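> Sequence below, structure please.
(chains A and B)
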Amino acid sequence: MLMFAASSMAFAQQRTIKGTVTDESNLPLPGVVVTVKSSGKATSTNANGGYQVMVSGAGDVIKFTFLGSVPKEVTVGEKNSVNVTLVTDTKQLKDVVVIGYGTSSRKDVTGAITSVKAEDFNAGVLTTPAELLQGKVAGLNITKSGDPNKQPATILRGPSTFREGAAQQPFYVIDGVPGASIDLLAPADIESIDVLKDASSTAIYGSRASNGVIIVTTRKAKTGQTRLTYSGYGAVENVSKNIDVLSADELRKYLSDNGVAPLSKPTDDDGSNTNWQKLAEKTSYSQNHNLSYGGAGTNSEYGASVNYLKNNGILKNTSLERTIYKGYINQRFFNDRLKLSINLTNSATKNNDIYQSQVLSGILFYLPTVSPFNPDGTYKENYTRTGSGPLNPLSLIDNNFIRTENNKTLINGSAQVDILKGLKFTLTGSTQKEQNNVNIYSTSQSGIFVNANGVASRSAYTNTSNVVEAYFNYDRLFGRHSLKLLGGYSYQQDRNNDGFGVQTQNFSNDALTYNYLPFSNPTQLSQIIFNPNYAINSNTPAITYISTLRLISFYARAQYQFSDKYLLQASLREDGSSAFGLNTRHGYFPAVSAGWKIISEDFMKSIPVISDLKLRAGYGVSGNSLGFDAFTARLIYGVPPGGGKFLSNGNIVNPIGPVRNDNPDLKWESTGTTNIGLDFGILNNRITGSVDYYVKKTSDLIATYPVSSTLYFYPFYTANVGKIKNNGIEVVINAIPVKSQSFTWRTSFNVSHNKNVVESLSNSRFTLPFIQTAQLGGKGQSGNYSQIIQPGYAIGTFDLWHYMGKNANGVSTYQKADGSVIATQPLTSDQFIKYDAQPKLVYGWSNSFFYKNFDLNFLVRGVYGNKILNATLASLNNPADARLQNIPRFTLGESFKDINAYLISDRFLESGSYLRLDNATLGYTVKPHIQAIKSLRFYASGNNIFIITKYRGVDPEVNIGGLTPGIDNRDFYPKTRTFSLGITAQF
Amino acid sequence: MKKIFFICATIAVIMSTYSCTKLNVPVESQYVKSNFPVTDADYTALLGTIYSNLSSSYAVPYWRMQDMSTDEAILPARDGNFDDGGQYRQLHYHTWTFDHPNVIGVWQWGFGGINTCNRIITVINASSSTAAKKASSVAEVRAMRALYLYFMMDLYGNVPIITDFPVTTQPANQPRAKVYEFIESELKSVLPLLPAKSSNAATNVGQYGRPTKGMVFALLAKMYLNSGVYTGTTRYQETVTMCDSVQANTNYFLDAKYRDIFLPTNGPAINETIFAVPYDQQIPGNQFTRFGFFYYLAQAYGFNVGLSIAMSTTPEFYNRFNIPGDDRSKTWLAGPQFYPDGNGGFTNQPVYYPAPNAAKQINIIPTLTLTGLKPMDLGNDVVTSQSEGVRSIKYYPDVNIIQATRLNSNDVPVFRLADIYLMKAEAILRGAAPTTINGDAQTPLTLVNKLRTRAHADAATSIDLDALLDERARELSWEAWRRNDLIRYGLFEKEYPLPVAGGKTDDLKMNTDPTRRIYPIPSTELKTNPNLKQNPGY
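A predicted model of the protein is given here:
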């Protein structure tokens, strides 16, 4: 009886507990192991995250464990239902690092790799992945202009090439597709971004990896889940800073104060007070919507997303509209031995643009004393006035427009076969097709094409890229030895600019714009241009040729690990590129690196405060073959420089001549990087961080440098000359200063210092004392250079006239090379080297606060110790021309007699240091626990909230990448401030 | 499983061995060595680069160096407009530096042309054409190379002689006399292989704009006439001989109307043209209307394009057009303006300024009065300042001009028969013996009066060297020879100071150092070629 009673007591306390397990987004988690502590019995959650277990009393404990999540134990108490939310183990998730043709766990990485997960991305109206990373990655220096249609400039660990454009951009790999266009990605679809910084990591990508490799992984559903997510935001963008130019009355007063005759009426002064900047600008409203869904079963995964972005620019008649469709399906066969997958992405972008450079200079320079319109409503122009803003800016905006449609499709298929235990073969093929349609129309009112009765231009170009990759992976563990091998082949062909365009003119009216060219009535052959330049602001015919670049490579990598303490990695890639000279088409890119996990050593057990410690060291060579014409090394015949035609036997004929000096020895730029790094964690990894020191030496630099026209037919020659060295240090500290049940503060600070120096500009054949760069134009200075590349100096070293103040008449004076001072324009031989544009420090500090359902993030970032040449201010500072063009307030302090005030000199060399509160986001998350909605997050976000700087221009964030960094040359794009509201809903 | 392995291995092997390892990609939309030059048209197009380069800079940058450095042409600023960093002012006051945009650009143009010629000679020699065809093509190219080198030698004096492409060492400059000697020997050497002007119109169309025997004779005449300047030794009698060699071909004769020589429709039909640079709306480089016409007259002349308010001649130069009845005076616009009659004359219908001056007839004021406020600046008032400066319609406005390019279609003569007459006259005045050619006993006076008669101007009764220079001014104005003439006469440094409002004097003065008779080696060339030495005085 007692027995019975006892057992009956026990029985009475035995009861069924039911519940649901969800993740932090309130999505049900199937497959969670639910263990009852008293009995040791375990079950797992069903597809809806539901479970049912028997417990034996209020003191019993249920344990929930799930791969990738922090395990949780719950004492049941008196409840009959226990619902649990499992939190993703960020430490564990971050552990996976994409290393190129494979993944590795973070603790086993021997190179310098930074991973940024989606939750750490920057928020705001961001259109490119690079903007997501700004300020987050030590050594990655991203500068973006205020112009939403412009790609940000990205420089990793200092400039290491003399070439611009793609030659300085990192190499992007998207879901394993090398060189895929980043326009294909909506930021909301990105799961994580890995930045491979040192050559020991990047060398596996060989000749395109000199500037680092950025590997983007898109979101996929977790096994057993189905998910539906909507995220969207609306944003309002306003001009935060304009250049302060004079109002009409101020200009009139300035002229009369200086005893100058008033502006002629009504041509230059009709009594108006026009604020051209206001007329050209607007408040921009942007919106982004992203809907994605997907699921993962035992044998298959699928998913799709659609993203719509509309970014209305802050300049009138500018906008960007992009729609991205994306879908994937993966299926496994033969007991998961074969995995087939296909990914499809289509990105369609529509751009409305204006003749920006003319409009942006016009709204500053154009006389404020003139009305945009004549009394009869037509646009007012004075074609006889010269100066820097000679055309009515509003007419430029309203009467000339550029519509671009860009459609990109990426199809990426792959097959993965498990051949033997540990041996895997992967074959991927991808095709990216890009269609560009550029339509330009200038109306009959256009000031650019006077009396042409409408000029229409249409162009259509296709770019195709095909990539095939085939590689074997072999991973084995032999006792305490771990071995990973990789061997593969890669084929890539890019064929660009296949298409044509035509420009014609003279229409009955402007109603049809560019839509029906046959209605044009050109009166001369010269009014029809084939392949017109669709680069904005040029009336010259483009030289648009089909360009085909083929790259064929073989690569191999071995990773060896002993006893979870010692790591060794070596890789080699052989690249062949059609871009190089016949003699030098193949290049080898080796890399070797090692790691020592000090934390795994026995002696570390005595220092419990240190929770992680790893030393890494590596050396590797990578190349740079990006960013130039596919046929650079070849002799090409075309329309010679200067263009034009000639008269031949009474006919007007195209001349054809060599347009390039051939160089059969043109080869890769190669960059050897030594990287030494230390990763550490203390206080149970509440504080983690890493320090990396690197030396990056680039040799065989490709330069297209000016050659004497007494020697060469074509005054430029492309050859390998020169060496650049970058060395620097990067420090990252992550900390969780506060962590409690309801409040958590995570913070991360990164800072990098890089020293750039050009070591040589010569090879055995060519010796160059220096290369002059940065032709900034400007009145009477069209042939002048403002920067110099010279051994012993950094890229971006300024070479300028030296300003010596004003003389007794208020005229600017300058120092000549012989030391004398003159009040006239000096010679180019009177320039002096002074300062450079390379920042001493680039830093970013991000913070996340979580309080109950609230989260707050902000990012502070900046640069320190660089110089900017404010050529914008120089060209505006032209008091003597104040009757032709407006002047800024700055110029009120100048004498009207100063005919040299506008000359670009060291007077306009300013500190470029700044600190910016780049963005801040406040979010609130609701988990309604209802069937329809799993979670909702609302957030408000602000960008460019404030900036601390001494810089006098619009913004100190001028391009500090590139060959001519640190120059604000009529970079008038107004700086903006954005405020956005967003929502993310999980269903 | 084995099957899968086999398939995969096979794929891998095929991928890595078959065509996928080839790196030769086709060049699809540009010509390369293998497909150019092949046809005769290809060779024509290749030779065309010599001519398209010539036209690109002859009528603006080259012309400015030859004429805006003299009293013949001036481009004053208009209240800061057209100051353009002082480049026109520097030409006027002879204060150019080795940074002057024309000094840099014209050197690149000339030596670019020379290198083009050298490269083409190599290509021709390597071609499979017949020996005779090759020889005549090479002769044509060498003649053009000599012309380019002459332009360079005339402007820069001591320039390199480059005859190969590519050359392995940076060429050094040679003394001017040596360059002169080389040009002379080249011209003499190619002379037998060049065609002569014929009476067949079709043949002349084919030769037009290309070197002929006549061009070589004319260029040699120019060289010999200036031999004293170039080498220190005068060769006046040989000047006469060369002028007679041109005249021996009676297919060269004066055209009836002076005006026709320079119309937009000019071309091979002009009988007195020996060598001209052809221009067209499709052959860019001639912008005489853009710079040298008066904007407010555009509609009266039948077009509507925005033009510069800038370039004119000086009053001193205009005053030389003082012969009664002279058609050549009608190439200038001065005083009250009327609608053109389409035939070189004018109607009685006045042309008015635009509002607010619509009641005023356009009146062009020959004097150039500086404001004194900004350097070489006339101010910008429409009726007073903008209307200052005698404009030219010698290269008559082309009604097909468009805003985007503002080009003229008028071909610009380099050598024409009138210049041959005047060179011969001058050589005789300087001591050469008169000669008889085609039965015509020519003296300086008869030669000058041939031109006076054609221009319907009163005949001269006597002629001396000074009068001959003025006759050259009238006949050859704006034809890019004024600097050459003034240096030969020792008058390049003669300054005509510009008046300043309020009776003040111009604070800018001409640099009268005779070293300005040749231009400096450009800064850009000195930087890239250490073997070049700067000319004296710079």
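
> Nearest to chain B: which residue in chain A?
Chain A approaches chain B most closely through A:Gly780 (1.4 Å), counting by Cβ to the nearest Cβ. From N, CA and C alone the C-beta is placed, and that goes for glycine too.

> what's the first-to-last distance across stretch A:215-232?
One end of stretch A:215-232 to the other measures 25 Å (Cα to Cα, to the nearest Å).

> Mind checking if stretch A:749-766 is in reach of chain B?
No. Stretch A:749-766 lies out of reach of chain B by Cβ under 8 Å from any Cβ of the partner chain, never closer than 10.1 Å.

> Let me see the mean pLDDT of that stretch.
The average pLDDT for stretch A:749-766 rounds to 86.

> And for stretch A:684-695?
Here stretch A:684-695 scores 91 as its mean pLDDT.

> Equivalent analysis for stretch A:652-668, please.
Here stretch A:652-668 scores 83 as its mean pLDDT.

> residue contacts, the residue nearest to A:Pro129 when sequence neighbours are not counted?
Closest residue to A:Pro129 apart from its sequence neighbours, by Cβ to Cβ, 6 or more residues apart in numbering or on different chains: A:Ile182 at 5.3 Å. Contacts of A:Ile182 were listed using Cβ atoms under 8 Å, 6 or more residues apart in numbering or on different chains, and they are A:128-130, A:172, A:174, A:216.

> What about those, which are in strands?
Members of the contacts of A:Ile182 lying in strands (criterion: DSSP state E): A:172, A:174, A:216.

> what's the burial count for the second one?
The local packing of A:Ile174 (other Cβ atoms under 10 Å in any protein chain shown) involves 25 other residues.

> In chain B, where is pLDDT below threshold?
Low-confidence segments of chain B (pLDDT under 70): B:1-21.

> How is chain B divided into domains?
As recorded under automatic domain parsing, the domains making up chain B are B:37-193+B:308-394+B:510-538, B:195-286+B:410-476.

> and the end-to-end length of the longest one?
Start-to-end span of domain B:37-193+B:308-394+B:510-538 (Cα to Cα) is 44 Å.

> Next: the shortest one.
The straight-line separation of the ends of domain B:195-286+B:410-476 (Cα to Cα) is 26 Å.

> neighbours of the nearest residue to B:Lys360 once chain neighbours are set aside, just the number please.
Using Cβ to Cβ, 6+ apart and skipping the chain neighbours, the partner closest in space to B:Lys360 is B:Tyr353 (5.1 Å). By other Cβ under 10 Å, 18 other residues sit near B:Tyr353.

> Which neighbouring residues are in contact with B:Tyr353, exactly?
By Cβ under 8 Å, 6+ apart, the residues touching B:Tyr353 are B:296, B:360-362, B:382-383.

> what's the answer for A:Arg660, then?
The contact partners of A:Arg660, taken as Cβ under 8 Å, 6+ apart, are A:631-632, A:634-636, A:714, A:718.

> in chain B, which residue is closest to the centre?
Nearest residue to the geometric centre of chain B (Cα atoms, centre = their mean): B:Tyr58, 3.9 Å.

> hey, what's the spatially closest residue to it that is not a sequence neighbour bridged with?
Nearest residue to B:Tyr58, sequence neighbours excluded (Cβ to Cβ, 6+ apart): B:Val277, at 4.8 Å. For B:Val277, the beta-bridge partners under DSSP bridges are B:Val412.

> so where does the closest residue to chain A within the stretch 301-450 of chain B fall, helix or strand?
Taking Cβ to the nearest Cβ, chain A has its nearest neighbour within the stretch 301-450 of chain B at B:Gly306, 3.2 Å off. Using DSSP states H and E, B:Gly306 falls within no helix or strand.

> For the stretch 251-400 of chain A, which residues are neighbours of chain B?
Taking Cβ under 8 Å from any Cβ as the criterion, the stretch 251-400 of chain A approaches chain B at residues A:260, A:264-266, A:334, A:337-338, A:383-387.

> any idea which of those is the one closest to B:Gly302?
Using Cβ to Cβ, A:Tyr383 comes nearest to B:Gly302 of those, at 17.7 Å.

> backbone phi and psi for the closest residue to the closest one other than its chain neighbours, please?
Residue nearest to A:Tyr383 in three dimensions, not counting chain neighbours: B:Gly306, with 3.2 Å by Cβ to Cβ, 6+ apart. Taking degrees, to the nearest 10, you get phi -70, psi 130 for the backbone angles of B:Gly306.

> can I assume B:Gly306 is in contact with A:Arg385?
No. Counting by Cβ atoms under 8 Å, B:Gly306 stays clear of A:Arg385, with 10.0 Å between them.

> More neighbours: the two, which one.
For B:Gly306 and A:Arg385, the more surrounded residue by other Cβ under 10 Å is A:Arg385, and the numbers stand at 24 against 18.

> how deep is the closest residue to the more buried one other than its chain neighbours tucked in, by neighbour count?
Here the nearest residue to A:Arg385 in space, its sequence neighbours aside, is A:Leu884; by Cβ to Cβ, 6+ apart that works out to 5.8 Å. A:Leu884: 25 surrounding residues under other Cβ under 10 Å.

> go on, B:Leu498?
Counted by other Cβ under 10 Å, the residues lying close to B:Leu498 total 20.

> hmm, back to that, residues touching the residue of the stretch 301-450 of chain B closest to chain A, list them.
Going by Cβ under 8 Å, 6+ apart, B:Gly306 touches A:383-384, A:450, B:295, B:403.

> Tell me who's in contact with residue 214.
Picking chain A for this. Contact partners of A:Ile214, counting by Cβ under 8 Å, 6+ apart, are A:129-130, A:133, A:170-173, A:193-196.

> Chain B is the one I meant
Applying Cβ under 8 Å, 6+ apart to B:Gly214 gives the contacts B:196-197, B:246, B:249, B:252, B:274-275, B:415.
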